[in-house]
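Undergrad: quick one: sequence plus predicted model below, questions after.
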Amino acid sequence: MPGKKICIVGSGNWGSSIAKIIGKNVKASNRFDPVVNMWVYEEMIDGRKLTEIINTEHENVKYLPGHKLPKNVIAVPDVTEAVKGAKVLVFVIPHQFISKLCDQIKPHITEGTIGISLIKGIDEGPEGLKLISDIIREKLEIEVSVLMGANIASEVADEKFCETTIGAKNEANGHLFKELLQTPNFRITVVHESDTVELCGALKNIVAVGAGFCDGLGFVSSSTFLESCGVADLITTCYGGRNRKVAEAFVTTSKSIAELEAEMLNGQKLQGPQTSAEVYKILQKRNMINKFPLFAAVYQICFEGKAVKEFITCLQNHPEHM
Ligand SMILES: NC(=O)c1ccc[n+]([C@@H]2O[C@H](COP(=O)([O-])OP(=O)(O)OC[C@H]3O[C@@H](n4cnc5c(N)ncnc54)[C@H](O)[C@@H]3O)[C@@H](O)[C@H]2O)c1
Ligand SMILES: O=P(O)(O)OC[C@H](O)CO
């Protein structure tokens with residue numbers, strides 16, 4: 001049986017890095033056709049077509065300069081030509097262009113074609129949020145998986161180690177994509193919750209913009225938060241620490257924090273409730289309790305009998321939302 005033909009729909013920074021991986025991987029597997037098409041949005045670079053440069057110099061000099069692409073990756077300027085005969089489509093373009101592109105390629109999609117979206121973004125639909133993978137699914141009537149992860153294109157192209165997540169509702173497709181995309185330094189985990197994977201990838205970009213605003217305004221030195229003491233410790237403590245363990249038991253047993261500390265920690269001491277009391281005192285003195293509703297709510301639940309089921313109201317009543 002001939003191997004499945006791949007078309008990479010897109011050739012920007014991430015698309016070109018992925019082309020480097022796919023071009024190499026298809027040669028090592030008999031499940032894929034050894035020649036890969038890559039759709040390139042044509043543009044002129046110093047009087048030459050970008051597709052011509054890629055097909056002769058095997059480098060995307062505009063979007064991923066300094067990295068050679070495998071010679072079996074062929075740049076194709078006409079998207080309808082690029083997808084012809086392809087059974088596996090890898091979508092990797094900025095999300096604002098996906099809808100129009102799907103309309104263009106729909107007449108050339110054959111039965112049994114599958115897709116994977118590496119596109120981080122969302123669209124707006126009549127009933128609210130619309131996933132990019134849903135646009136592809138609906139317009140092309142194909143099965144679509146997604147791949148999202150903490151992946152900077154140039155680092156992946158440099159073969160630096162990183163991990164990524166494939167979300168695949170169809171397990172067999174997930175494993176096919178893993179075979180197509182995994183390398184020793186680009187490690188893939190396949191999970192079933194495709195929509196969650198896609199939402200993570202899309203929404204983190206908004207946080208990234210906010211982080212940039214903060215840095216631009218000189219609010220905080222984000223580099224310190226990236227040390228072990230910052231975000232890493234926050235994640236660690238929320239998963240595996242004593243504070244969260246006792247707080248969970250506080251809800252499920254209805255015992256006091258002091259009782260649980262004695263029962264569960266065998267003389268070890270919790271720091272969170274006490275710290276919340278200290279911070280609360282300072283906030284009170286400075287008339288700033290309203291500005292830190294989460295800190296205030298933790299204190300009031302631990303020490304003032306506030307009902308824990310009201311915890312979420314501290315966020316609902318955040319002054320920023322009023
Ligand atoms: N760059 C990264 O590090 C990275 C990593 C992970 C995911 N992603 C995601 O991958 C997706 C694609 O990003 P990228 O970095 O490959 O692209 P990019 O930011 O390099 O985008 C430029 C690409 O868009 C094409 N383009 C320009 N005008 C167009 C048009 N009218 N129609 C169609 N295409 C047009 C350009 O030719 C070029 O290929 C995005 O959703 C991005 O969030 C990027
Ligand atoms: O360069 P950005 O902000 O588009 O982010 C790139 C990747 O999504 C990081 O995971």
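TA: Structure received. Numbers count the residues shown, from 1 in each chain. Ligands and ions are numbered 1, 2, ... in the order given.
Undergrad: next up, the contacts around residue 189.
TA: Taking C-beta atoms under 8 Å, 6 or more residues apart in numbering as the criterion, residue 189 is in contact with 163, 164, 165, 166. In short, each C-beta sits where N, CA and C put it, glycine included.
Undergrad: 7 Å instead?
TA: Neighbour list for residue 189: 163, 165 [criterion: C-beta atoms under 7 Å, 6 or more residues apart in numbering].
Undergrad: over to residue 197?
TA: Contacts of residue 197 (C-beta under 7 Å, 6+ apart): 146, 148, 165, 167, 191.
Undergrad: list buried residues within those.
TA: Among the contacts of residue 197, those scoring as buried are 146, 148, 165, 167 (criterion: 16 or more other C-beta atoms under 10 Å).
Undergrad: you'd agree residue 225 is up against residue 231?
TA: Yes. The pair residue 225 / residue 231 is scored as a contact, 5.7 Å apart, by C-beta atoms under 7 Å.
Undergrad: hang on, the earlier thing: from the contacts of residue 197, which land in strands?
TA: Members of these lying in strands (criterion: DSSP state E): 146, 148, 165, 167, 191.
Undergrad: and which of those residues is nearest ligand 2?
TA: Distance to ligand 2 across the ones in strands among the contacts of residue 197 (C-beta to the nearest ligand atom) is lowest for residue 148, with 7.7 Å.
Undergrad: so what sits opposite the closest one in the bridge?
TA: Beta-bridge partners for residue 148, by DSSP bridges, are residue 165.
Undergrad: any idea of the pLDDT on it?
TA: Confidence at residue 148, expressed as pLDDT, is 95.
Undergrad: residues in contact with residue 38?
TA: Contacts of residue 38 (C-beta under 7 Å, 6+ apart): 8, 11, 19, 73, 74, 75, 76.
Undergrad: wasn't it part of a strand?
TA: Yes. Assessed with DSSP: H, G, I helix; E, B strand; the rest coil, residue 38 lies in a strand.
Undergrad: show me which residues of the protein are close to ligand 1?
TA: Listed as neighbours of ligand 1 in the chain under the rule C-beta under 6 Å from any ligand atom: 10-15, 41, 63, 92-95, 97, 118-121, 151-153.
Undergrad: and those residues, which are buried?
TA: 10-15, 41, 63, 92-93, 95, 118-121, 151, 153.
Undergrad: I'd say residue 36 and residue 20 touch.
TA: No. Contact criterion C-beta under 7 Å: residue 36 and residue 20 do not qualify, at 10.7 Å.
Undergrad: which of the two has more neighbours?
TA: Just comparing residue 36 and residue 20: by other C-beta atoms under 10 Å the higher neighbour count belongs to residue 36, 26 against 21.
Undergrad: who does that one form a beta bridge with?
TA: Here residue 36, judged by DSSP bridges, has bridge partners residue 6, residue 73.
Undergrad: in helices only, show me the residues of the chain next to ligand 1.
TA: Residues from the residues of the chain next to ligand 1 lying in helices, with DSSP state H as the criterion: 13, 14, 15, 153.
Undergrad: next up, the contacts around the closest residue to the first one other than its chain neighbours.
TA: For residue 13, the nearest residue in space outside its immediate sequence neighbours is residue 153; the separation is 4.3 Å by C-beta to C-beta, 6 or more residues apart in numbering. For residue 153, the contact set (C-beta under 7 Å, 6+ apart) comprises 13, 14, 17, 64.
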